[in-house]
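In: The sequence and its predicted three-dimensional model are supplied below.
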Amino acid sequence: MPINAGYEYVAAEKKYLQAITLEEKIASLEEMIRAAPKHKGSENLLSELKTRLKKFREKQEKNKKTGKTTKKGIKKEGFQIVLLGPTKSGKSSLLSKLTNAKPLISPYPFTTKEPEIGTLHFQGVQAQVVDLPSIGSEYFDIGIINTADLIITVVERLEDIEKSNSFLTRATGKKIIVITKADLLTLEQQRKIEATLKSKKINGLLISSTTGQGLEPLKEKILLSMNIVRIYMKEPGKPHSPVPVVLPEHSTVKAVAESIRKGFSATIKETRLTGPSSKFSNQKVGLSHVLKDKDIVEFHT
C-alpha cells in the first residue's frame with residue numbers, strides 16, 4: 001500500500017487481490033491507478049501499476065485473437081487441497097515435501113506463476129494438492145479456493161493469517177493454518193506461537209520443510225479433515241489386504257460390498273468384522289452395520 005493511500009485506493013486494491021478473471025484484474029487496476037496518490041513518493045508505485053496494466057491488456061488482446069481462456073484449467077481429482085499464502089512463505093517447499101511434485105523453489109518472490117499440482121499419498125489414501133501463485137501475484141487466481149475441499153494457509157508469521165483469511169469468505173472447504181520455517185525459530189518462539197494457536201482455537205501447527213518438523217502431524221490433520229473411513233478387506237484364513245477401501249464416513253458394510261462389485265452385497269451370506277466398530281474380534285454383523293476407520297471386513301458368500 002502506498003504512503004497516504006486513501007479509502008478508494010485500499011478498496012480497489014482489495015478488489016484486485018480478489019479478482020478472478022483477467023477482465024476483473026484490469027478493471028480493479030484501473031481503479032487503483034485513478035485512486036493512487038499523485039506525489040513524488042508514489043511515482044514508482046504508479047509506474048509499476050501502469051506496467052502491470054499494460055501487460056494485462058496485451059494478454060487480453062492476445063487471448064481474444066487466439067480464443068484462449070485467461071485461466072489455467074485444473075481438473076479436480078478426488079479430495080482437493082489448495083495451498084494459499086503470501087510470497088516466500090514456503091508453499092512450494094511444502095508441496096515438494098507432501099507430494100511427488102518438483103516445483104521451482106527460489107529465493108526470489110513470486111516464483112510460482114501457474115498452479116503446481118502434486119498427489120499426496122498417506123496411509124492408503126491419496127489427495128490432490130494445488131500450490132497457487134502467491135497472494136499479490138499478478139497470476140493469483142481465487143476461483144479454485146472457493147471449491148477446494150481443504151485450504152491450507154501457509155504463512156511465516158502469525159500476522160499474515162488475517163490477510164490470507166480475507167480470501168476465504170466464499171470458501172466452503174475445511175481450513176488448516178501452517179506456520180512455516182520453524183527451524184529458524186528458538187524453542188521459546190515456537191512455544192509462544194503454539195500457545196497463541198491454542199488460545200485462539202486455530203486449527204494450525206508449526207512445520208519445517210527443512211527438518212521435517214510437523215510434517216507427519218500435518219498429514220494426520222489432512223486425513224482427519226477428509227471425513228473418510230479406511231476399510232481393510234480380509235479373505236478367510238488370510239491376512240487382511242494392505243490397501244484399504246476408502247469410503248465416506250458412516251458408510252455401511254453394504255457400501256463396502258457394493259464398492260467391490262455392483263450387486264455383490266446380494267451374494268453375501270455372512271460378514272465378520274474386527275476393528276473399532278466391533279464389540280469383539282470376528283463379530284458377526286449385518287449389511288446395515290455402520291463402519292469406523294480401520295475396520296477389517298471378511299465376507300462369506
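Out: Cool, the structure landed. Numbers count the residues shown, from 1 in each chain.
In: All the strands of the stretch 51-200 of the chain, in order from the start?
Out: Using DSSP state E, counting those that start in this stretch, the strands found in the stretch 51-200 of the chain span residues 80-84, 116-122, 125-131, 150-155, 174-179.
In: Now render the ones you listed as TSV, adding mean neighbour count and distance to residue 268.
Out: Backbone N, C-alpha and C define where each C-beta goes, glycine included. What follows is the strands of the stretch 51-200 of the chain, written out as TSV (neighbours: other C-beta atoms under 10 Å; distance: least, C-beta to C-beta, whole Å):
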stretch	mean neighbour count	distance to residue 268
strand 80-84	25	34
strand 116-122	17	30
strand 125-131	21	25
strand 150-155	25	35
strand 174-179	22	35
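In: In a markdown table, list these along with distance to residue 296 and mean pLDDT.
Out: Listed next are the strands of the stretch 51-200 of the chain as a markdown table, based on distance: least, C-beta to C-beta, whole Å; pLDDT from 0 to 100:
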| stretch | distance to residue 296 | mean pLDDT |
| --- | --- | --- |
| strand 80-84 | 28 | 93 |
| strand 116-122 | 20 | 89 |
| strand 125-131 | 17 | 90 |
| strand 150-155 | 28 | 95 |
| strand 174-179 | 28 | 95 |
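In: Pipe those into JSON lines and attach distance to residue 51 per row.
Out: Listed next are the strands of the stretch 51-200 of the chain as JSON lines, based on distance: least, C-beta to C-beta, whole Å:
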{"stretch": "strand 80-84", "distance to residue 51": "26"}
{"stretch": "strand 116-122", "distance to residue 51": "26"}
{"stretch": "strand 125-131", "distance to residue 51": "26"}
{"stretch": "strand 150-155", "distance to residue 51": "28"}
{"stretch": "strand 174-179", "distance to residue 51": "33"}
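In: between the ones you listed, which one is nearest to residue 239?
Out: For the strands of the stretch 51-200 of the chain, proximity to residue 239 was assessed by C-beta to C-beta; strand 125-131 is nearest, at 20.2 Å.
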